[in-house]
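Colleague: what follows is a predicted protein model with its sequence.
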There are 2 protein chains.
Amino acid sequence: MGATPPLSPLAPAAFPDLPVIAGVSFATAAAGVRYQNRTDVLLVSLAPGTAMAGAFTRSTTRSAAVLDCQTKIGGDPAPGAAIIVNSGNANAFTGRRGAESVQAVTNAVSEKLGVPVARVFSSSTGVIGEPLPHERIIDSLDDLTAALSPDAIATAARAIMTTDTFPKGASETVVIDGQAVHIAGIAKGSGMIAPDMATMLVYIFTDAAMDQAVLQDMVSALNRTTFNCITVDSDTSTSDTLLVAATGGSGIRVTENNVGFMEALRRVMLDLAHQVVRDGEGATKFVEISVTGAASDAEAHIHAKAIANSPLIKTAIAGEDPNWGRVVMAVGKSGARADRDTLAIWFGDMQVARDGFVSPDYDEARAAAYMKNQNLIIHVDLGLGGGTARVWTCDLTHGYIDINADYRS
Amino acid sequence: MGATPPLSPLAPAAFPDLPVIAGVSFATAAAGVRYQNRTDVLLVSLAPGTAMAGAFTRSTTRSAAVLDCQTKIGGDPAPGAAIIVNSGNANAFTGRRGAESVQAVTNAVSEKLGVPVARVFSSSTGVIGEPLPHERIIDSLDDLTAALSPDAIATAARAIMTTDTFPKGASETVVIDGQAVHIAGIAKGSGMIAPDMATMLVYIFTDAAMDQAVLQDMVSALNRTTFNCITVDSDTSTSDTLLVAATGGSGIRVTENNVGFMEALRRVMLDLAHQVVRDGEGATKFVEISVTGAASDAEAHIHAKAIANSPLIKTAIAGEDPNWGRVVMAVGKSGARADRDTLAIWFGDMQVARDGFVSPDYDEARAAAYMKNQNLIIHVDLGLGGGTARVWTCDLTHGYIDINADYRS
């Protein structure tokens, strides 16, 4: 990777204050996996009884760590669990050696923390196709174990970064039966973002007590309208991993009918998903694509993704050009049903097109002024049915090319 | 559009010498449709008996001119035909007014040349969503008709350009029964290139005598492995049009069994398709993606398109980085079948990966040196079956963003 890119102009003012989650502790180390002089390994220890749910990339070339997590995710919560993450090397497309690295690392964590290896989840993020120097991670485990602390989540968020320009965190507190239940999560992700199941590396912790199956159903459902609705560059990672851990440390049981908790978890997931887009490689604009009136929700999602992934739309947004003709183009190419003569388009609350033609109220100067905003909403109504979708993306700028033309140099 | 972009480094040395096609004459004019002081209208007159075949965009928001061509394409060749093309305005998403413009222009050409309006084909290319000032085109018809000449195909190729940096032409001559039959074609296209049926504006002329149905079958079949196998930016135009005219001027009849003619027509179509990629907006590299060993030809095509459209691969190529891990990523996300452990990748004739791991012979310095070539071949073998595909694309550079961030300014 070349020089560190400058902080995204869409970054939040500061990393949020995240609550301590009873039953979770964190430690980070600078193991030199690829980068020197920065933390690149994260160890998370989870108390006995912690239920784990997850969602993973559907890539057919997914990484050894993802394959390993997928076999373990439904297991018995009784003995607790651990998560070990490294940045700098994705351990993807590394064949048999990749699987051996995952085994070596998870075995070492299992011995060190006294949890069964079937409860040790691992993730790797960084360059694809290079063998993981897993002995460096194993060598750092003594220091990591000694350093475990319940209030180190902010340093944890930094240790998992690659091309990210800011660490990503979000939290919610829900009151259930008069008692506070907390949710706190961290994420990394900036490029190769077009999740097709989960996204990037995301770890969310709650002190709610939950059945594994209830937690998994909730996470799978929420994933569809949060992480699966963002895209930076249409490229789907080999390593996308979302893990959600419910420790039970609050003593409060959450069931599938707890709408308040589910809504809070949704807000944490959506907040982290939006932060990934806000740190999209080279991004200068945060864009919501809202599609209504499609023949179905699925077709609305196809239209929204076609708009969000169009390089011509993304470069027009970068150039602050209200080029709504390119939105027509993207709807036309998406493959989902559309009728040119019932199509309407809004930029913000300005209708720019309707009934297959430019809107009679269209004012190019006003539209151009709107495009100068950092947060933009493009709304398309297809006039066909009740299908809706929302997708979030960013613009395509010179910064994206700077970052990706010399990622490995 | 901003300042004229510099000539593509992938441009051919010169516009080729194209043969005169008996039965075809051309004229161009500077009608001021959008640009000042450059030719922007092309009129083509085609002799009685000319068979016309075509292929068109499958966009659901296709332009009024495309819709009109599609209704006319199978008609009786007896009265001859005409083609009228303008650059600068696509007359797409212009509703009822768009259709009225097409009618006005084709009616005027019909009267001027004395061919039925059902035999007047029109195309428009340029900005989407603005009404076409069709009276400027009609006003230029007297001059155009007076100027018609059989050897003006080179000026015709210039008149249809928009963001193109060079005019595109190709020809072949086939000897049938001891007599020469000629094929000559021109094309425009540079951005919004991911044809889903035909591409951009392409006009090919031959003096062969052909039945309309034979010509159409040949064009449809060849289109699948030529224009439908190129992509600049994954964005499919609303205006893609390929028209092929067989005038019969050579007096030589070509039937569906004439392999020599079909092969010559394929070479002209592929040459023009490659020239469109070589003029891809901002392109500095011409890249062939070759996929073998897929479960089917259709799945090979899906993999090849996923690789060719990946912004991460295209920026790596721009940066001359042999980042084959991103090829693994693109295969993984494509949706078509793949097995990580049977996947092999070559850059040129260098095997960089096999059996799900980096190749034992991989030499990063040699791979980096290969990436400095202007013409690159990326070959992926999936090790699953006999499916193959070839797709052509270009890199993604700062030039693409420069051109598209201020296209309308």
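Modeller: Perfect, thanks for sending it.

Colleague: near chain B, which residues of the stretch 1-150 of chain A?
Modeller: In this structure, the stretch 1-150 of chain A approaches chain B at residues A:57, A:59-62, A:90, A:92-97, A:127-130, judged by C-beta under 8 Å from any C-beta of the partner chain. Placement of C-beta: from N, CA and C, glycine included.

Colleague: that should have said the stretch 251-400 of chain A, apologies.
Modeller: So far as C-beta under 8 Å from any C-beta goes, the stretch 251-400 of chain A lies against chain B at A:309-312, A:315-316, A:318-319, A:321, A:323-326, A:328-333, A:337-341, A:343, A:353, A:355-358, A:396-398, A:400.

Colleague: buried sites along stretch A:40-58?
Modeller: Across stretch A:40-58, burial judged by 16 or more other C-beta atoms under 10 Å in any protein chain shown covers A:40-47, A:49-58.

Colleague: so which strand or helix has the nearest residue to A:Met218 once chain neighbours are set aside?
Modeller: In space, and not counting its chain neighbours, A:Met218 is closest to A:Met262: 5.6 Å by C-beta to C-beta, 6 or more residues apart in numbering or on different chains. Here A:Met262 sits within helix A:259-278, counting by DSSP states H and E.

Colleague: just A:Val244 next, same as before
Modeller: strand A:241-246.

Colleague: other SSEs contacting that strand?
Modeller: Applying 3 or more C-beta pairs under 8 Å, 6 or more residues apart in numbering or on different chains; DSSP states H and E, we find strand A:241-246 packed against strand A:51-56, helix A:64-72, strand A:81-89, strand A:120-127, strand A:201-206, helix A:212-225.

Colleague: and A:Val33, what is it in contact with?
Modeller: A:Asp40, A:Val41, A:Asn86, A:Ser87, A:Gly88, A:Asn89, A:Gly126, A:Leu132, A:Pro133, A:Arg136, A:Ile137 (C-beta atoms under 8 Å, 6 or more residues apart in numbering or on different chains).

Colleague: mind pulling up the pLDDT for it?
Modeller: Predicted confidence (pLDDT) for A:Val33: 93.

Colleague: for it, which non-adjacent residue is spatially closest?
Modeller: Leaving out its chain neighbours, the residue that sits closest to A:Val33 by C-beta to C-beta, 6+ apart is A:Gly88, at 4.1 Å.

Colleague: next, count neighbours for that neighbour.
Modeller: 22 (other C-beta atoms under 10 Å in any protein chain shown).

Colleague: cool, A:Cys69 as well?
Modeller: 23.

Colleague: repeat for the one 3 residues further on
Modeller: One way to gauge burial is a neighbour count; for A:Lys72, by other C-beta under 10 Å, it gives 18.

Colleague: quick one: it from chain B, how far?
Modeller: Counting by C-beta to the nearest C-beta, to the nearest Å, the separation of A:Lys72 from chain B is 20 Å.

Colleague: check A:Arg267 too.
Modeller: A:Arg267 is 28 Å from chain B, by C-beta to the nearest C-beta.

Colleague: which residues touch that residue?
Modeller: A:Ala170, A:Glu172.

Colleague: what is the mean pLDDT for stretch A:139-159?
Modeller: The model assigns stretch A:139-159 a mean pLDDT of 96.

Colleague: mind checking the end-to-end distance for that stretch?
Modeller: 17 Å (C-alpha to C-alpha, to the nearest Å).

Colleague: would you agree A:Phe347 is in contact with A:Leu376?
Modeller: Yes - here A:Phe347 reaches A:Leu376: they are 7.2 Å apart, a contact under C-beta atoms under 8 Å.

Colleague: what residues sit buried inside stretch A:139-156?
Modeller: Residues A:Ser140, A:Leu141, A:Leu144, A:Ala147, A:Leu148, A:Ala152, A:Ile153, A:Ala154, A:Thr155, A:Ala156 are the ones in stretch A:139-156 that count as buried (16+ other C-beta under 10 Å).

Colleague: check the burial of A:Ile137 by counting its neighbours.
Modeller: Around A:Ile137 there are 28 residues (other C-beta under 10 Å).

Colleague: name the SS class of it, please.
Modeller: Classification of A:Ile137 by DSSP: H, G, I helix; E, B strand; the rest coil places it in helix.

Colleague: roughly how far apart are it and A:Phe166?
Modeller: Separation of A:Ile137 from A:Phe166 (C-beta to C-beta, to the nearest Å) stands at 25 Å.

Colleague: equivalent analysis for A:Asn223, please.
Modeller: Counting by C-beta to C-beta - A:Asn223 and A:Phe166 are separated by 23 Å.

Colleague: higher neighbour count, these two?
Modeller: Shown here are A:Asn223 and A:Phe166; by other C-beta under 10 Å, A:Asn223 has more neighbours (24 against 19).

Colleague: nearest residue to that one other than its sequence neighbours?
Modeller: A:Ala55 is the one closest to A:Asn223 (C-beta to C-beta, 6+ apart), at 4.7 Å.

Colleague: circling back to that earlier point, what's across from the residue nearest to A:Val33 in the sheet?
Modeller: Note on A:Gly88: beta-bridge partners by DSSP bridges are A:Gly126.

Colleague: point out where chain A drops to low pLDDT.
Modeller: Across chain A, the ranges flagged by pLDDT under 70 are A:1-5, A:193-200, A:406-409.

Colleague: how's it carved up into domains?
Modeller: Listed by automatic domain parsing, the domain ranges of chain A are A:24-278, A:286-405.

Colleague: so A:Leu10: helix, strand or coil?
Modeller: Look at A:Leu10: counting by three-state DSSP, its state is coil.

Colleague: returning to that earlier point: quick check: angle from the helix holding A:Met262 to strand A:201-206?
Modeller: 150 degrees (axes from the mean of the first three to the mean of the last three C-alpha atoms, to 10 degrees).

Colleague: could I have the CA atoms of helix A:259-278 written out in CSV?
Modeller: Provided in CSV are the C-alpha atoms of helix A:259-278 (Å, rounded to 0.1, in the frame of the first residue of the first chain):
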residue,chain,number,x,y,z
VAL,A,259,-38.9,-5.3,18.6
GLY,A,260,-37.1,-2.7,20.6
PHE,A,261,-33.9,-4.7,20.8
MET,A,262,-34.1,-5.7,17.1
GLU,A,263,-34.6,-2.1,16.1
ALA,A,264,-31.5,-1.1,18.2
LEU,A,265,-29.4,-3.8,16.6
ARG,A,266,-30.6,-2.6,13.2
ARG,A,267,-29.5,0.9,14.0
VAL,A,268,-26.0,-0.3,15.0
MET,A,269,-25.7,-2.4,11.9
LEU,A,270,-26.9,0.4,9.6
ASP,A,271,-24.7,3.0,11.3
LEU,A,272,-21.6,0.8,10.8
ALA,A,273,-22.7,0.0,7.2
HIS,A,274,-23.0,3.8,6.5
GLN,A,275,-19.6,4.4,8.0
VAL,A,276,-18.0,1.9,5.6
VAL,A,277,-19.5,3.8,2.7
ARG,A,278,-18.4,7.1,4.2
